[in-house]
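Visitor: sharing a sequence plus its predicted fold:
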Amino acid sequence: MSVQDVLEKMAAEGCSNVGVQGDCDSEPVVLSQEQILQALIGQVDTLQQSLRQFQNQLDPSPDSELQHLEQAAVPDLQQKLKQAVKNMSEGLILIDRTGRIELVNTAAKRMLGLDPQTDILTVRKHIDQIGIRSLMANSSQLPAGSGEFRLKSGPGLLLEVRWSSMTDEWEHPLGWVLSIRDVTSEVIAENTKSEFIAAISHELRTPLTSIQNSVSNILAGITGKVSDKLLSYLTAMDKDCHRFGYLVNDLLDITKLEASEMPITRRVVHLGSLVQNVAEEYTSTAQKTDIHLSFNIEPEVCPVYADVQRIRQVMTNLLRNAVQFTPAGGNINIYVHDRGNDVVVEVADTGCGIHPELQKHLFSRFYQCGRRAGAGSRGSGLGLAICKGIISVHGGVIWLESQPEKGSRFFFSLPKIDPDRVLKNRLELFARTCNEQKSRFAMILLSFEMSRKSRLTLRQTAGQIIADMLAQSRFLLNCELDLVLQTGQAEMIFLISESKMQTIECVQNKIEKNLLNQIKKNFSDIPIVPMLGKAVFPADATDTAKLQETVRDNLAEILAG
């Protein structure tokens, strides 16, 4: 019986199973109605596939034709890509995830000073010799997985190498791709331009100084009485001379930074005190334009090792920009705080902000951001570029966060120094100098006696007094070798050398006078008692470690008394 006849018979009899027996001796196989239907469906599917294959042979579909065309075109496309890489003007190197070089084009071999026929093994040895792999490992100018650096090759070329990691669609690492570009001519042209700017700036400085001095003398009445009309002309000339002088100085600074020739005189600097001084100088300028300027400085900010004048220059540029681009009634806030191994300074304004597309160009030379608010000249476009160069020389970083119409926040960070290590090194330097010159120096320890009552208030007061003393230390000390360090929340140390400019006793008197005036003027209602301990080298101790012990012993005797 056919399958169809079996199914009809089962429907007529009302049964759900059927037995199938091959011969009289074998046991029958029982099949359900569902099993028989599944077998029938399988036969139909097999028949349909056979018909479809037969139809495709007679009339190929567009999909199958396209597939055949793609398969035929793949070798041609691969050949074109291979020739394109080979004939690139930039060098290209592919490295797999095991470090094996897979591809090097002709341009890369030429830039590296190798023959175009050089094999990949020789190229790998050459790359390892010039240290490209180590430079890739140390590069941090771009985001993770990429970087850039410059190196000199055998033929006297300066090469710019950019590298980035390769991953597949599942983010599995595949290796690295290196692009190499010859920037020799660009660097020569840039250096020539910088040298020209430096030469012109030097030539302009002499006549500009002469004009500025002449105008100042006339305004001072040295040449006679000045009429009101002439006074207005001379005042405008004097203002323009100063602006021109700033421009010349900026041009000289940027060329020195680019040539790595800017002189940096570093010393231990309390960044909070320096920032506070600059902010106080700009307070009146901000008030004239109805801008509120405030600063918030943590009392125990670690010192940094920096050039005071250069860091003041950075702060002045940032504050000048903030005042210029903040409308009347706005706010400028300055913050100084510790962050990990750095000290961070933030200058935040409520100005018109900077569009994200413009921010990436803001620290470039001669770039001027066209912010709308604020009066004043547009400047030279060198201020932020100089700030970036100065901070970079100090091993720090400068960056910004800004949104249009929501203000801007400029940050720069400088690495901390260890006060104990600085104190130890400076003591050794002082001791060596005094032994050679038969002179002396003193260590003065300033500490505050803390009673059990209002301990938190007293600690805060002591911290504020020390912060003020640090801010005014430039008026207390006359010698650049002298050192002031905060060594605790309620403790600071002065190292004072005796020289032609100052004596130890004179500096000690100035410190005591400044300290008493601060307490009397600002903290007279708080029961805080400052104590000064002193030891002189070599009179009180001939060893630096013993000198520190002597100072603390003397202070302990004062407290006990």
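Guide: Cool, got the structure. Numbers count the residues shown, from 1 in each chain.
Visitor: can you give me the pLDDT of Gly330?
Guide: At Gly330, the pLDDT value in this model is 90.
Visitor: what's the distance between it and Glu346?
Guide: Applying CB to CB, to the nearest Å, the value for Gly330 to Glu346 is 16 Å. All C-beta spots, glycine's among them, are computed from the backbone N, C-alpha and C.
Visitor: of the two, who's got more company?
Guide: Gly330 (22 against 18; other CB atoms under 10 Å).
Visitor: just the pLDDT at the nearest residue to that one once chain neighbours are set aside, thanks.
Guide: Nearest residue to Gly330 in three dimensions, chain neighbours excluded: Thr350, at 4.2 Å (CB to CB, 6 or more residues apart in numbering). You'll see Thr350 listed with a pLDDT of 89.
Visitor: hmm, Thr350 is touching Gly407, no?
Guide: Yes. Thr350 is within contact range of Gly407, at 4.5 Å (criterion: CB atoms under 8 Å).
Visitor: any shared contact partners between the two?
Guide: Thr326 (CB atoms under 8 Å, 6 or more residues apart in numbering).
Visitor: ok but Gly329 is inside a helix, no?
Guide: No. Gly329 is assigned coil when assessed by DSSP: H, G, I helix; E, B strand; the rest coil, not a helix.
Visitor: and it, how far is that from Lys229?
Guide: In this view, Gly329 and Lys229 are 36 Å apart by CB to CB.
Visitor: cool, Thr106 as well?
Guide: Distance from Thr106 to Lys229, by CB to CB: 73 Å.
Visitor: which of those two has more neighbours?
Guide: The residue with more neighbours, out of Thr106 and Lys229, is Thr106; 17 against 8, by other CB under 10 Å.
Visitor: the more buried one contacts Gln117, correct?
Guide: No. Counting by CB under 8 Å, Thr106 does not reach Gln117; the two are 9.5 Å apart.
Visitor: return the residues in contact with the residue most central in space within the chain.
Guide: In the chain, the residue lying closest to the centroid (CA atoms, centre = their mean) is Val397, at 3.0 Å. Counting by CB under 8 Å, 6+ apart, Val397 makes contact with 391, 412-413.
Visitor: give me the below-cutoff pLDDT ranges for the stretch 451-561 of the chain.
Guide: In the predicted model of the stretch 451-561 of the chain, residues 451-457, 480, 500-501, 525, 561 satisfy pLDDT under 70.
Visitor: which residues of it fall in strands?
Guide: Remark: strands assigned in the stretch 451-561 of the chain by DSSP state E, counting those that start in this stretch are 483-488, 491-497, 529-537.
Visitor: go on, the stretch 101-250 of the chain?
Guide: 101-104, 146-152, 158-167, 173-182.
Visitor: coming back round to it: most neighbours per residue, which of the strands of the stretch 451-561 of the chain?
Guide: Highest mean neighbour count among the strands of the stretch 451-561 of the chain (mean count of other CB atoms under 10 Å): strand 491-497, with a mean of 23.
Visitor: just checking: what are the partner strands of that one?
Guide: If you go by DSSP bridges, strand 491-497 pairs up with strand 441-449 (antiparallel), strand 483-488 (antiparallel).
Visitor: distance to Glu428 for the ones you listed - can I get that in JSON lines?
Guide: Formatted as JSON lines, these follow (distance: least, CB to CB, whole Å):
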{"stretch": "strand 441-449", "distance to Glu428": "12"}
{"stretch": "strand 483-488", "distance to Glu428": "12"}
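Visitor: among those strands, which is nearest Asn321?
Guide: Nearest to Asn321 among those is strand 483-488; the distance by CB to CB comes to 30.4 Å.
Visitor: hang on, the earlier thing: now the strands of the stretch 451-561 of the chain as TSV including distance to Leu208?
Guide: Formatted as TSV, the strands of the stretch 451-561 of the chain follow (distance: least, CB to CB, whole Å):
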stretch	distance to Leu208
strand 483-488	37
strand 491-497	39
strand 529-537	48
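Visitor: compare the ones you listed and give me the one nearest Asp553.
Guide: strand 529-537 (8.0 Å).
Visitor: who touches that closest one?
Guide: Applying CB under 8 Å, 6+ apart, the contact partners of strand 529-537 are 430-431, 434, 440-449, 465, 504, 508, 511-512, 515, 519, 541, 544, 547, 550-552, 554-556, 558-559.
Visitor: before we move on, what about stretch 273-288?
Guide: With contacts defined as CB under 8 Å, 6+ apart, stretch 273-288 is touched by 292-293, 295, 297, 308, 311-312, 315-316, 319-320, 323, 332, 334, 336, 345, 467, 470-473.
Visitor: wouldn't Arg181 be in contact with Ser153 here?
Guide: No. Counting by CB under 8 Å, Arg181 sits too far from Ser153 to count as a contact (11.7 Å).
Visitor: pull up the overlap in contacts between these two.
Guide: With CB under 8 Å, 6+ apart as the test, Arg181 and Ser153 both reach Leu159.
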